[in-house]
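Novice: attaching a predicted model along with its sequence, questions to come.
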Amino acid sequence: MSCRELERLFVSGAPEADSARHRQTCAECERLGAELDRTLSVAAALRPPAWSPALRHALLDVPRSTVSCEGADALLATLVEGEIAPEDAARLSSHLSRCGACSEAAATLQSMRSLAAPEAPPWLAARLAGAHREKKKRSLWRSAFSGRMVVAYAYAAALIVMLLGLNPTAVVRRAGFAGLGESTRNAVTVAESSIGDRLGALQEKAIRTLAVWRGHIGGYGRAAVSNAFALVWRPEPKKTPNRPRLGKDGGAAATPVGIDVAAGRREELSAPFLRV
Amino acid sequence: MSTGNGDEKELVARCRRGDDDAWRDLVDRFGQRVYGIAYHFTLKREDAEELSQEIFLKIFENLDRYDGGFPLVAWVLSLSRNLCIDRYRRRKRENSFRFVSDDAVTALLKSEDDPATLALRKERTRMLFSALAEVPEDLAEILILRDLNGLAYDEIGQALELPEGTVKSRLFRARAEVAKKIRARHESRSVGGPLASIAMAAAGLV
């Protein structure tokens, strides 16, 4: 086993003479030194292998065979656009085969296209079909409370109120007298006789006014009914673009389909309601 | 520790700009050395040429990373090291260093030797590479770079990112390990028979 003095002298850069002196005093180091000398002499006798002219030519052609990382950036942009020249594509491909970072960048850039148009998962079609049915159900419920239907309901309610319109005085009298005792009825009769004339006059005037109102309201009520029906059950008008519209000169104008009211009343009454 | 000079930095800058003359200058400066290193790691001309091309492709692709911080030769060596080691490991796995071919050895020998001396040198060289393949890679690569390719200690240290003392220490151990392997082979041949021992003695191997 060597004392490692030779190694210490070598690493410290000591002169060869120091190693030679130590080898004279240490048998193990002398043996090791002799082996080292033999090995070194073999290595020193070797000459460097000569490179061939063909290899030199190939090395000179390297710049036309590949690109640098910074050059690859520009070529990657043209690659993604699909406008890369064939010779540039070959140089870029050569570079990507050796450069992991650029190869990763190229894969990421090219994956952008697939990100823009993802393939639909198999469950999506069934889910969309279910959503369509749900929307259909919901649309029926919504249509019952659409703006058009609310207007129709308003007309109907107004009509009911008007149809139920009664003489309030007569109602009060009937309801009040039914629950009173004999003395009270007499008192009321006395009181009524004193104010009866005045009330009677007022009542007659009210009845006359009401009769006039009923005449008007009846007309409006009929119009309301017809408009409500028209709004709810009016079918879509048929499109007849090539059909010549008839005007004053050519006869009757095209009549809106489904409004089943007398022509005069319609012109007079339905127009304001339809604009609501 | 020496650093890259302005000439080398300018040369690299011109190569980056696509200057063909500059690239030719770089190839002629380092082509022979790179091929020599590649050859010692592969011991096969075709493999060494292919490896040299790979190394120069890598050099060109990484020119923008050379900042002149250390000599260009050390930078070239640091870029080529992984490629050389990968190829060296492959060759070792294939066990192709066990029997070094005559052609591989002949390419390294001076042809002016007489036939007897040439035969002796061939045998010693073959044995050197067989022993080298049996030592750890970190020792073998330093011996290849220093003793077979003549790189300076500081260039090896910069390329392998090792202190100069570590380079020397590893080199000494590499030489000692290789010498030990060679001696072991001689001893096994001596045990193999008296004729082999006589032949080895006659050849001057023991």
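Specialist: Received the coordinates, thanks. Residues are numbered from 1 along each chain as shown, chains lettered A, B, ... in the order given.
Novice: in the chain, where is pLDDT below threshold?
Specialist: All of this is about chain A. For chain A, the stretches flagged by pLDDT under 70 are A:1-2, A:113-118, A:132-148, A:150-152, A:154-159, A:161-206, A:209-276.
Novice: hm, I was asking about chain B
Specialist: For chain B (pLDDT under 70), the answer is B:1-4, B:96-98, B:113, B:189-206.
Novice: what strand or helix carries the closest residue to chain A within chain B?
Specialist: In chain B, the residue that lies nearest chain A is B:A179 (3.5 Å; Cβ to the nearest Cβ). Backbone N, C-alpha and C define where each C-beta goes, glycine included. Per DSSP states H and E: B:A179 is located in helix B:164-192.
Novice: now the residue of chain B closest to chain A. Nearest residue, chain neighbours left out?
Specialist: The spatial neighbour of B:A179 that comes closest, neighbours along the chain excluded (Cβ to Cβ, 6 or more residues apart in numbering or on different chains), is A:E35 at 3.5 Å.
Novice: do the same with B:V135
Specialist: B:E177 (4.4 Å).
Novice: what helix or strand is residue 54 on?
Specialist: No chain was given, so I picked chain A. helix A:53-60.
Novice: oops, chain B please
Specialist: With DSSP H and E as the criterion, B:E54 is inside helix B:45-61.
Novice: again, but for B:D86
Specialist: Using DSSP H and E, B:D86 falls in helix B:72-93.
Novice: can you name the element that comes right after that helix?
Specialist: Next element after helix B:72-93 (DSSP H and E): helix B:102-106.
Novice: which other helices and strands contact that next one?
Specialist: helix B:115-132 (3 or more Cβ pairs under 8 Å, 6 or more residues apart in numbering or on different chains; DSSP states H and E).
Novice: same thing but at 10 Å, please
Specialist: helix B:45-61, helix B:115-132 (3 or more Cβ pairs under 10 Å, 6 or more residues apart in numbering or on different chains; DSSP states H and E).
Novice: just the CA coordinates of the last one, formatted as PDB?
Specialist: Taking C-alpha atoms only, helix B:115-132 is exported to PDB below (Å, rounded to 0.1, in the frame of the first residue of the first chain):
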ATOM      1  CA  PRO B 115       6.800  -3.700 -37.200                       C
ATOM      2  CA  ALA B 116       8.100  -5.200 -33.900                       C
ATOM      3  CA  THR B 117       7.800  -2.000 -32.100                       C
ATOM      4  CA  LEU B 118       4.500  -1.300 -33.700                       C
ATOM      5  CA  ALA B 119       3.100  -4.700 -32.500                       C
ATOM      6  CA  LEU B 120       4.300  -4.000 -29.000                       C
ATOM      7  CA  ARG B 121       2.700  -0.500 -29.000                       C
ATOM      8  CA  LYS B 122      -0.500  -1.900 -30.400                       C
ATOM      9  CA  GLU B 123      -0.700  -4.400 -27.500                       C
ATOM     10  CA  ARG B 124       0.000  -1.800 -24.900                       C
ATOM     11  CA  THR B 125      -2.500   0.600 -26.300                       C
ATOM     12  CA  ARG B 126      -5.100  -2.100 -26.500                       C
ATOM     13  CA  MET B 127      -4.500  -2.900 -22.900                       C
ATOM     14  CA  LEU B 128      -4.600   0.700 -21.900                       C
ATOM     15  CA  PHE B 129      -8.100   1.200 -23.300                       C
ATOM     16  CA  SER B 130      -9.300  -2.100 -21.900                       C
ATOM     17  CA  ALA B 131      -8.100  -1.000 -18.400                       C
ATOM     18  CA  LEU B 132      -9.500   2.500 -18.900                       C
END
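Novice: quick check: buried residues in the following helix or strand past that helix?
Specialist: Counting by DSSP H and E, the element after helix B:115-132 in chain order, helix or strand, is helix B:137-143. For helix B:137-143, the neighbour count (16 or more other Cβ atoms under 10 Å in any protein chain shown) marks B:L139, B:A140, B:E141, B:I142, B:L143 as buried.
Novice: filter those by proximity to chain A?
Specialist: B:L143 (Cβ under 10 Å from any Cβ of the partner chain).
Novice: list just the nearest of the buried residues of helix B:137-143 to B:R87.
Specialist: Checking these against B:R87 with Cβ to Cβ, the nearest one is B:E141 at 11.7 Å.
Novice: near chain A at all, stretch B:8-17?
Specialist: Yes. Counting by Cβ under 10 Å from any Cβ, chain A is contacted by stretch B:8-17 at B:C15, B:R16.
Novice: just the buried residues of that stretch, please?
Specialist: Quick answer for stretch B:8-17 (16+ other Cβ under 10 Å): B:E8, B:K9, B:L11, B:V12, B:R14, B:C15, B:R16.
Novice: for the first one, which non-adjacent residue is closest in space?
Specialist: Beyond its immediate neighbours in the sequence, the residue positioned closest to B:E8 (Cβ to Cβ, 6+ apart) is B:L72, lying 4.2 Å away.
Novice: was I right about the one you found contacting B:D7?
Specialist: Yes. Applying Cβ atoms under 10 Å as the test, B:L72 and B:D7 come out as touching, 9.2 Å apart.
Novice: which of these two has more neighbours?
Specialist: B:L72 (20 against 11; other Cβ atoms under 10 Å in any protein chain shown).
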